[in-house]
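Just the structure for this:
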Amino acid sequence: METYQVRVVNSDFESSNHVEAANFGEARRHALRAVLDIGADEVCNGKTFFGAEVIVERDGEVEERFLVGIGQSPLKG
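Numbers count the residues shown, from 1 in each chain. Presented below is the predicted three-dimensional model:
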């Protein structure tokens, strides 16, 4: 198992966690689940949009960075 650092960053906060994973793909899935959980909670608590940068690092080196956005908007009809 390897240790990865997963960071979720936006203009309001930064969350960081160390993750034990068998490979990069598993660490990336963990990072995606984390940001989706945070974003879903924010949208459920009244925000219309949540966006954050996700950074996955191993041994101090950035393996991948990506952006996740979650939003909701009422439909008129």
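
Which strand or helix spans Glu26?
Secondary structure assignment for Glu26, by DSSP states H and E: helix 24-44.

buried sites along that helix?
The neighbour-count criterion (16 or more other CB atoms under 10 Å) identifies Ala27, Arg28, His30, Ala31, Ala34, Val35, Ile38, Gly39, Glu42 as the buried residues of helix 24-44. Bear in mind the C-beta positions are built from the backbone N, C-alpha and C, glycine included.

Quick check, central residue of this protein?
Residue closest to the mean C-alpha point of the chain, counted by CA atoms, centre = their mean, is Val35 at 2.8 Å.

Please name the residues that touch that one.
By CB atoms under 8 Å, 6 or more residues apart in numbering, the residues touching Val35 are Val8, Ala52, Val54, Val68.

before we move on, which element is the third one in?
According to DSSP H and E, Val54 maps onto strand 49-58.

how far away is Gly39 from Phe66?
Between Gly39 and Phe66 the distance, using CB to CB, to the nearest Å, works out to 13 Å.

State the number of residues packed around Ala52.
Around Ala52 sit 24 other residues, with neighbours defined as other CB atoms under 10 Å.

Is it in contact with Val68, as I believe?
Yes. Under the criterion of CB atoms under 8 Å, Ala52 is in contact with Val68, at a separation of 5.8 Å.

Can you check which residues contact both of those two?
Listed as contacting both Ala52 and Val68 by CB under 8 Å, 6+ apart are Val35, Gly39.

for Met1, what are its contacts?
By CB under 8 Å, 6+ apart, the contact list for Met1 reads Glu20, Ala21, Ala22.

State the distance from it to Glu26.
Taking CB to CB as the criterion, Met1 is separated from Glu26 by 9 Å.

Could you do Thr48 as well?
When CB to CB is applied, the distance between Thr48 and Glu26 equals 32 Å.

Name the helix or strand for Ser15, please.
strand 14-21.

Contacts for that strand, please.
The set of residues external to strand 14-21 that reach it, using CB under 8 Å, 6+ apart, is 1-9, 27, 30-31, 34, 38.

any idea of the mean pLDDT for that strand?
Per-residue pLDDT values across strand 14-21 average out to 95.
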